[in-house]
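A.B. asks: What follows is a predicted protein model with its sequence.
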Amino acid sequence: MAFINNETLNVFKQKANQLVNRTFDKHINLAVTGLSRSGKTAFITSFVNQLVNENSQSKLDFFNVIHQGRFIAAKRVPQKSLHVPRFAYEKSLSAFTQTPPTWPEPTHGISELRLAIRYQPEDSLLKYATDSVTLYVDITDYPGEWLLDLPMLNQTFEEWSDATNLLLTQTIRRDKAQPFLDKINQLDPFEAVDEDKLAELSAEYTELLLHFRHQLGLSVIQPGRFILPGDLQDAPILQFFPYTNFNNIDIDQYQNADDNSLIGMLRARYIEYKERVVKTFYKEHFVNFDRQIILADCLTSLNSGPESFKDLQHALNLIMESFNYGKSGIFTRLFSPKIDKLLFAATKADHVTPEQHEQLTTLLNQLVHQTQHQLSFDEIQMATLAIASVKSTKSGVGEHQGRKIPVIQGRRVGDDKLITLFPGTVPNKIPHQEFWQNKTFNYVSFAPLDAVAENQALPHLRMDQVLEFLLGDKIK
Ligand SMILES: Nc1nc2c(ncn2[C@@H]2O[C@H](COP(=O)(O)OP(=O)(O)OP(=O)(O)O)[C@@H](O)[C@H]2O)c(=O)[nH]1
Ligand SMILES: [Mg+2]
């Protein structure tokens, strides 16, 4: 007869418990996106930081699992996909812990991080079966520019070229684009291709896109990969450009042009780009996302003027196409994504006084829902919030001409000076000419206010509401 001693029994119990836990463990693939500089890195850093440093003083009251005292702990664990770069959490956090604190460096592609959150279940079934459950959250950071390419999948090279030509010849882009357009329009599209010349013109087109994004604050950048090439830098697949003179060439001759002619090669590379770059992202990554947060920096666009704002509107429109599963032929044909929750966040809300936050949320809501096409989002629950991943201002009351007005105070980026101001009123709907004429909105970039200790939670605005919306139902 075999005897089981206490120790063996304990090991047994432990194993049984582990097995139960494994059965009940949950998992979410959470994707974070937004155009460049919209605040993705700061957001993910704060998201992780809030959870791993959760303690009795944490400011996450709207995250129910914490409010109800069921949260046990969160930690980073090795990520799932070994072929995707790691999100550089330590590096990014160190920007906020150094003195004086700064913002993290820009990032240039996709990255991943896995978080394990242990909690006590409240769900009646789970509660009797186990003391704790782990929710694994795989967070992916990817550039919103990649979503701008989706509509290209439905366009031929001619259609895309014509659409891009239209964009390049509109007011704000025209001045800068004209010399490039002149060069293209002088080319003989049927001549034998010179690959060096093609590379040179592609580089020129990329420079234009970079100028539009970073100097003019524009958002509609196509192909998105051109300004964020990652490991495709200098690859021929990123060496093409729109042919902007279709009106003046013989279409039959174009249809019959072979790949060794200039226009033939442009067309071939465009097709290859769609197949290998655009589709691959959707097939390898996008289809696996369960939840998505889209960060939009409405305040910088408001500050940059009507053209920049209109462009953000246009870009959000294009981005929404990626979540339009109902009608879009692209999705029914090629992919079956499964995103069930979509959160739009207006970032950097700490740049305006608190009573403006509601207006900012309403404004983003209008931008998201203004889309001309009747999109079908039946399957997706959507919400809009105004947030600050890392709150960098203090708010208070000041006086102007004998009147009390709300103000914010922060360290201005550039000269580090502590300044106090009322940045102005955020329009609660898509602004008309009057708003732009009066130009009462004055946005100033602030540096993070105070350095935090490594185990201290970063100050924020509404990150707890973000957590509740994105994870709340999975952590019951
Ligand atoms: N005041 C304030 N500024 C913020 C906040 N989040 C981001 N910023 C500002 O926005 C800039 C861009 O933030 P990132 O988090 O690097 O944005 P990103 O989307 O990762 O940018 P890329 O990596 O270039 O695509 C920062 O350098 C800050 O100036 C915030 O919560 N508050
Ligand atoms: Mg980044």
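C.D. replies: Great, that's in hand. Ligands and ions are numbered 1, 2, ... in the order given.

A.B. asks: Report the contact partners of residue 198.
C.D. replies: 239-240, 262, 265-266 (CB atoms under 8 Å, 6 or more residues apart in numbering). Yep, even glycine has a C-beta here, placed from its N, CA and C like the rest.

A.B. asks: Between which two of the residues you listed is the distance greatest?
C.D. replies: 239 and 262 (12.0 Å; CB to CB).

A.B. asks: Include pLDDT when you put the contacts of residue 198 into JSON lines, please.
C.D. replies: As requested, those are exported to JSON lines (pLDDT from 0 to 100):
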{"residue": "239", "pLDDT": "96"}
{"residue": "240", "pLDDT": "97"}
{"residue": "262", "pLDDT": "97"}
{"residue": "265", "pLDDT": "97"}
{"residue": "266", "pLDDT": "98"}
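
A.B. asks: Now intersect the residues you listed with the helices, please.
C.D. replies: Among these, the subset assigned to helices under DSSP state H consists of 262, 265-266.

A.B. asks: most surrounded residue in these?
C.D. replies: The member of the ones in helices among the contacts of residue 198 surrounded by the most neighbours (other CB atoms under 10 Å) is residue 266, with 25 neighbours in all.

A.B. asks: what separates it from ligand 1, distance-wise?
C.D. replies: 28 Å (CB to the nearest ligand atom, to the nearest Å).

A.B. asks: what number of residues lie near the residue lying closest to that residue once chain neighbours are set aside?
C.D. replies: Leaving aside its sequence neighbours, residue 266 sits nearest to residue 240 (CB to CB, 6 or more residues apart in numbering; 4.9 Å). Neighbour count of residue 240, defined by other CB under 10 Å: 24.

A.B. asks: check contacts around residue 240.
C.D. replies: Contacts of residue 240 by CB under 8 Å, 6+ apart are 198, 202, 265-266, 269-270, 273.

A.B. asks: For the stretch 251-400 of the chain, which residues are neighbours of ligand 1?
C.D. replies: 347-348, 350-351, 388-390, 392 (CB under 6 Å from any ligand atom).

A.B. asks: give me that answer again for 5 Å
C.D. replies: Residues of the stretch 251-400 of the chain lying close to ligand 1 by CB under 5 Å from any ligand atom are 348, 350, 388-390, 392.

A.B. asks: likewise the stretch 1-150 of the chain?
C.D. replies: 36-42, 103, 106-107.

A.B. asks: how about those residues in a markdown table, adding secondary structure?
C.D. replies: Listed next are these as a markdown table, based on DSSP: H, G, I helix; E, B strand; the rest coil:
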| residue | secondary structure |
| --- | --- |
| 36 | coil |
| 37 | coil |
| 38 | coil |
| 39 | coil |
| 40 | helix |
| 41 | helix |
| 42 | helix |
| 103 | coil |
| 106 | coil |
| 107 | coil |
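
A.B. asks: Near ligand 2, list only the ones from the residues you listed.
C.D. replies: Subset of those in contact with ligand 2: 40-41, 107, counting by CB under 5 Å from the ion.

A.B. asks: Which of these ranks first by neighbour count?
C.D. replies: That'd be residue 40 among these, by other CB under 10 Å, with 27 neighbours.

A.B. asks: Next one: that residue from residue 420, what distance?
C.D. replies: Look at residue 40 and residue 420: by CB to CB, to the nearest Å, they are 29 Å apart.

A.B. asks: Could you do residue 128 as well?
C.D. replies: With CB to CB as the criterion, residue 128 and residue 420 are 56 Å apart.

A.B. asks: Ok, residue 233 next?
C.D. replies: 44 Å.

A.B. asks: neighbour count winner among residue 128 and residue 420?
C.D. replies: residue 420 (12 against 8).

A.B. asks: what residues does the host helix or strand of residue 51 touch?
C.D. replies: Residue 51 belongs to helix 40-52 when elements are defined using DSSP states H and E. By CB under 8 Å, 6+ apart, the surrounding residues in contact with helix 40-52 are 32-34, 58, 60, 74-76, 87, 89, 92-93, 96, 103-107, 113, 115, 117, 139, 141, 293, 295, 345, 347, 387, 389-390, 457-458, 460, 463-464, 466-467.

A.B. asks: swap the cut-off to 7 Å and go again
C.D. replies: 32-34, 58, 60, 74-76, 87, 89, 92-93, 103-104, 107, 113, 115, 117, 139, 141, 295, 389-390, 457-458, 460, 463 (CB atoms under 7 Å, 6 or more residues apart in numbering).

A.B. asks: Name only those of those residues that count as buried.
C.D. replies: 32-34, 60, 74, 76, 87, 89, 92-93, 103-104, 107, 113, 115, 117, 139, 141, 295, 389-390, 457-458, 460, 463 (16 or more other CB atoms under 10 Å).

A.B. asks: Mind pulling up the pLDDT for the closest residue to residue 161 other than its chain neighbours?
C.D. replies: Of all residues not flanking residue 161 in the chain, residue 242 sits nearest, at 4.0 Å (CB to CB, 6+ apart). Per-residue confidence at residue 242 stands at 98 (pLDDT).

A.B. asks: tell me the secondary structure for residue 242?
C.D. replies: Quick answer, by three-state DSSP: residue 242 is coil.

A.B. asks: In the stretch 201-350 of the chain, where is pLDDT below threshold?
C.D. replies: Applying pLDDT under 70 to the stretch 201-350 of the chain picks out residues 326-333.

A.B. asks: give me the residue from it nearest ligand 1.
C.D. replies: residue 348 (4.1 Å; CB to the nearest ligand atom).

A.B. asks: quick one: that residue and residue 424, what's the gap?
C.D. replies: 14 Å.

A.B. asks: Between those two, which is the more surrounded one?
C.D. replies: residue 348 (30 against 17).

A.B. asks: Let me see the contact set for the more buried one.
C.D. replies: 39, 297, 299, 388.

A.B. asks: Format the residues you listed as JSON lines; extra columns: neighbour count and secondary structure.
C.D. replies: Listed next are those as JSON lines, based on neighbours: other CB atoms under 10 Å; DSSP: H, G, I helix; E, B strand; the rest coil:
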{"residue": "39", "neighbour count": "24", "secondary structure": "coil"}
{"residue": "297", "neighbour count": "22", "secondary structure": "coil"}
{"residue": "299", "neighbour count": "24", "secondary structure": "helix"}
{"residue": "388", "neighbour count": "26", "secondary structure": "strand"}
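
A.B. asks: Please identify which pair of those residues lies farthest apart.
C.D. replies: Going by CB to CB, the pair spanning the contacts of residue 348 furthest: 297 and 388, at 11.6 Å.
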